[in-house]
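K.L.:
my questions concern the predicted model and sequence given below.
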Amino acid sequence: GSAEIGLIGLGTMGGNLALNIAENGFSIAVFNRTADKADSFHASAGALADKIVPTKTLEDFVAAIKSPRAIILMVPAGDAVDAQIAALRPLLDPQDLIIDAGNANYHDTNRRDEEAKAAGARFMGIGVSGGEEGARFGPSIMAGGPADGWDQVGHVLEAISAKHGDVPCAAHLGDAGAGHLVKTVHNGIEYADMQMIAEVYGVMRDGFGMTSAEIAEVFEGWNGGILQSYLIEISGKVARATDPETGRPMLDIILDKAGQKGTGRWTAIEALMLGTPASAIEAAVAARNLSARLDERKMGEAVFGAAPQASDKAVIATQMLEAALVAGKIICYAQGFGLILEAAKQYGWAMPLPEIAKIWREGCIIRSAMLNDMADALAEDPSRNLMLAPFFSAKLSETHDALRKVVAEGALKGLPVPALSAALSYFDIMRTERSTANMLQGQRDFFGAHGFERTDKDGSGYHGPWAMNAS
Ligand code: 6PG
């Protein structure tokens, strides 16, 4: 075969990725489970068609690719990936490389990596962010797997990725599931970023009684400042849009029930499993789960009455909402990077944190101006909590008071701000040397003789006086 790479799965994401690869000058063999799809895809590829080799059977597909082969899978995450690997392996040589580019759970990627190694084969898992647009014109690519796999396909992935200046937003982050873990955390941060924007939207809508158009103007203004980001930009566009059918603001028509495919939830699960605090992300996942319970919320409002009361703009100005978002954002990224650091330790993965911040600067859903400063801060010291880096500690010092006022106003007026609240609590805990866990330790020792450490002596396993009084 002569194709430089192969791709299986011509859905929207896979098709766009294939076009992106072809456009960057690489010849690519394509295959789809429904075999006719490869032909129709080829026929509709226009000027890129001569870079695309459509194939109708897996055998023809494999034969069309130059050895050692690199094959990208873009099929639905889960069983379909295992089925595809099982069908493909017998047709491949040991040095061939299978690359799963779907939104896999990184535990599955770890397992597939082990299975491949046991069979003397090679497997990579890469996280691809940026939606359909990104896949076609430049996604952010988070790669995990063997280093020689990256040596083989890194130049292709860098070529098709988004660029920040001329720096590719694609990098090899560690072995096995490292790339998919980072993509998962990306999505957890995405959930928190989105949720916190939705919360300040709520303060403006229900607290200030602002119209969607007025709110759009606020987001548009913020996008010219420190919060400049794709998510703030599209929030402005969503708030600005009018429903063509009714002429009403689109936001007033959209049902307030949010879906999820699972990656944000996986981040919260991983945080709990690894014992690392990601409370703002967890709150964002919980908020989505709550949003889905529309019927229950309806009954709750009937019983308790609607909560939101008018909020005084003199107390909470929109600039204060902006500052609160800045603080919340710094904290949720501190939690996300902390989670990645913990996973790196657990699995012995490289996980270059500054590199991760850099490849998130363009192409992905959470791309923002602030990631540039995060890359710098993480380069100074990757193992330090991001909120303690001088640049961000200065920003937090300027903004945490606004975060507090917004959360307090939300509590007083009944405007739910769960992710911002979680971020504030995290901040308050992390700035307090003497916490209240001495009480927890006392309780644990009381009922279970679990022992504690003392503030005035070295060592552990001390007990309180209740132990001897117990019997
Ligand atoms: C991306 C997105 C993409 C997708 C997620 C989130 O990085 O391009 O995160 O992967 O939108 O699956 O979807 P849910 O909100 O449905 O979980």
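P.N.:
All right, it came through fine. Keep in mind it's a predicted model, so treat the numbers as computed, not measured. Residues are numbered from 1 along each chain as shown.
K.L.:
was I right about residue 311 contacting residue 205?
P.N.:
No. Assessed by Cβ atoms under 8 Å, residue 311 is found out of contact with residue 205, at 10.5 Å. For the C-beta atoms, the positions are set from N, CA and C on the backbone; glycine is no exception.
K.L.:
could you give the mean pLDDT of stretch 58-73?
P.N.:
Stretch 58-73 shows a mean pLDDT of 98.
K.L.:
which ones are touching residue 254?
P.N.:
Under the criterion of Cβ atoms under 8 Å, 6 or more residues apart in numbering, residue 254 has no neighbours.
K.L.:
residues from the protein in reach of the ligand?
P.N.:
Residues of the chain found near the ligand (Cβ under 6 Å from any ligand atom) are 103, 129-131, 187, 190, 259-261, 263-264, 364-365.
K.L.:
ok, and the most crowded of these?
P.N.:
In terms of neighbours by other Cβ atoms under 10 Å, the residues of the chain next to the ligand top out with residue 364 at 29 neighbours.
K.L.:
helix, strand or coil for that one?
P.N.:
Three-state secondary structure (criterion: DSSP: H, G, I helix; E, B strand; the rest coil) places residue 364 in coil.
K.L.:
hang on, it packs against residue 131?
P.N.:
No. Here residue 364 does not reach residue 131: they are 9.1 Å apart, not a contact under Cβ under 8 Å.
K.L.:
joint contacts of those two?
P.N.:
Here residue 364 and residue 131 share no contacting residue, scored by Cβ under 8 Å, 6+ apart.
K.L.:
and residue 209, how far from residue 185?
P.N.:
37 Å (Cβ to Cβ, to the nearest Å).
K.L.:
then residue 370?
P.N.:
Distance of residue 370 to residue 185, given as Cβ to Cβ: 16 Å.
K.L.:
same check, this time on residue 333
P.N.:
In this view, residue 333 and residue 185 are 10 Å apart by Cβ to Cβ.
K.L.:
go on, residue 417?
P.N.:
Distance, residue 417 to residue 185, by Cβ to Cβ: 23 Å.
K.L.:
more neighbours: residue 209 and residue 185, which one.
P.N.:
Set residue 209 next to residue 185 and count neighbours by other Cβ under 10 Å: residue 185 wins out with 30 against 12.
K.L.:
doesn't that one belong to a helix?
P.N.:
Yes. According to three-state DSSP, residue 185 belongs to a helix.
K.L.:
what's the pLDDT at it?
P.N.:
Residue 185 is assigned a pLDDT of 98 by the prediction.
K.L.:
check contacts around residue 103.
P.N.:
When contacts are counted by Cβ under 8 Å, 6+ apart, residue 103 touches 77, 127, 180, 183, 187, 261, 262, 263.
K.L.:
swap in 10 Å and give it another go.
P.N.:
Residue 103 sits next to 13, 76-78, 127-129, 180, 183-184, 187, 261-263, 266 when contact means Cβ atoms under 10 Å, 6 or more residues apart in numbering.
K.L.:
walk me through the domains of this structure.
P.N.:
5-176, 184-430 (automatic domain parsing).
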